[in-house]
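Trainee: When you get a sec, could you give me coordinates for this:
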Amino acid sequence: MALFVMAGQFAFGQIGGLEYKGRGLELLNEGKTDSAMVYLNQAVLKGVTDGEVLGGLALAYIQKGDAERALEKAVEARKDKQYPSADAYLAGVLAHDAMGNVSQRDRWLDQGLKAFPADYLLLYHAGRIIIPFDSEEGERLLLRSIHAYPAFGSAHILLGENMYRRGENLKAALPLMYYLLLHQDALNSGDVVALIERLYDSWSISKESVSKVSKASKGFTVDYVPTAYTGGPDDKGEWFVAESLALMQSVQTASVSSSDALWIFYSDFYGQLSRLGFDVPMAHHIAYSRYPADAMEWINENAQLYQMLGDWLMVL
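Mentor: Sure, this is the predicted structure:
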């Protein structure tokens with residue numbers, strides 16, 4: 001009889017531990033690191049010490065700046081083959097990166113991507129690490145991250161900024177605009193609009209989807225050529241909206257070669273946006289970052305259409 005009681009107590013302990021695990025991982029995904037650590041540590045105390053729990057703790061430790069503890073938990077998590085954890089590999093990559101262990105960082109990254117080839121964070125950090133040395137491979141990895149999880153703004157802005165530095169026009173503008181779609185009120189959003197404005201000006205001179213002085217590929221192009229800004233300071237918001245609108249509409253007929261097939265994510269998104277008539281509210285939405293008064297005037301006058309854009313984005 002005592003054995004049955006003990007077995008029952010163990011089962012209840014496991015159920016509680018699994019609940020703590022699930023809630024802890026949810027909180028970690030929501031960016032609530034401190035709360036996640038409380039729940040995951042409770043799961044461990046209740047006997048749930050699988051790879052997913054330990055991997056979650058590893059990622060939480062690296063987010064708290066404790067690379068050594070993160071690596072310790074990541075190594076433990078990788079021993080569990082039944083419940084493998086992408087978080088463990090990511091934490092190992094970031095821990096080795098923080099400690100300057102480049103070869104170990106790259107080894108963990110390679111192994112992580114073999115185990116979890118569609119994990120958007122592993123793909124993002126792979127792209128972030130490699131893009132200064134191999135721009136095309138970094139571009140490919142960031143695009144794969146975006147395909148895996150389009151709502152991750154960091155991938156869009158990193159891709160756009162690097163394409164801008166590479167001399168691209170179209171490939172720079174579209175990710176930067178998508179970043180503003182996600183984060184139009186971020187602290188850096190006004191600077192992103194200013195970057196797009198500079199891009200429109202230089203693009204109007206080169207008249208190409210890529211800069212004439214760049215070595216960028218021409219596998220993804222549109223017929224759109226911006227009009228350089230010549231007005232006064234009070235008219236620049238209207239010019240930005242008009243040019244952004246024209247660019248989005250031109251993407252409906254974009255030319256995409258097989259070598260740039262991953263860019264179909266952007267051509268499909270902006271093409272569908274224009275076909276549904278949501279390109280105008282989108283242009284004002286991103287203009288809000290630098291021209292809030294002008295944008296809010298339009299949004300207030302067209303509240304229903306703006307809400308329709310938001311509803312459509314929610315179901316994507």
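Trainee: how about the helices of the stretch 51-200 of the chain, start to end?
Mentor: For the stretch 51-200 of the chain, the helices defined by DSSP state H, counting those that start in this stretch cover 51-63, 67-78, 86-98, 102-115, 120-130, 135-148, 153-166, 170-182, 189-206.
Trainee: Residues touching stretch 93-110, excluding its own?
Mentor: Stretch 93-110 is contacted from outside by 58, 62, 67-68, 70-71, 74, 89, 92, 112, 122, 125-126, 129, using C-beta atoms under 8 Å, 6 or more residues apart in numbering. Where C-beta positions appear, they are placed from N, C-alpha and C, glycine not excepted.
Trainee: Spell out which residues sit in contact with residue 153, please.
Mentor: 179, 182-183, 186.
Trainee: Name the helix or strand for residue 290, please.
Mentor: If you go by DSSP states H and E, residue 290 is not part of any helix or strand.
Trainee: so it sits right up against residue 240, yeah?
Mentor: Yes. Assessed by C-beta atoms under 8 Å, residue 290 is found in contact with residue 240 at 7.3 Å.
Trainee: list residues touching both of these two?
Mentor: Common contacts of residue 290 and residue 240, defined by C-beta under 8 Å, 6+ apart, comprise residue 193.
Trainee: Would you mind telling me which of those two has the busier surroundings?
Mentor: Neighbours of residue 290 and residue 240, each counted by other C-beta atoms under 10 Å, are more numerous for residue 240; the result is 25 against 21.
Trainee: who touches the more buried one in this structure?
Mentor: When contacts are counted by C-beta under 8 Å, 6+ apart, residue 240 touches 193, 196-197, 200, 287, 290-291.
Trainee: mind running it again at 10 Å?
Mentor: 193-194, 196-197, 200, 229, 283-284, 286-287, 289-291, 294-295 (C-beta atoms under 10 Å, 6 or more residues apart in numbering).
Trainee: For PyMOL, what selects the buried ones among those?
Mentor: To isolate the buried ones among the contacts of residue 240 in PyMOL, judged by 16 or more other C-beta atoms under 10 Å, type:
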select buried, resi 193+196+197+200+283+284+286+287+289+290+291+294+295
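Trainee: Next, residue 99: phi, psi?
Mentor: phi -90, psi 0 (degrees, to the nearest 10).
Trainee: Residue 220 reaches residue 175, doesn't it?
Mentor: No. Counting by C-beta atoms under 10 Å, residue 220 does not reach residue 175; the two are 11.8 Å apart.
Trainee: Cool, thanks, talk later.
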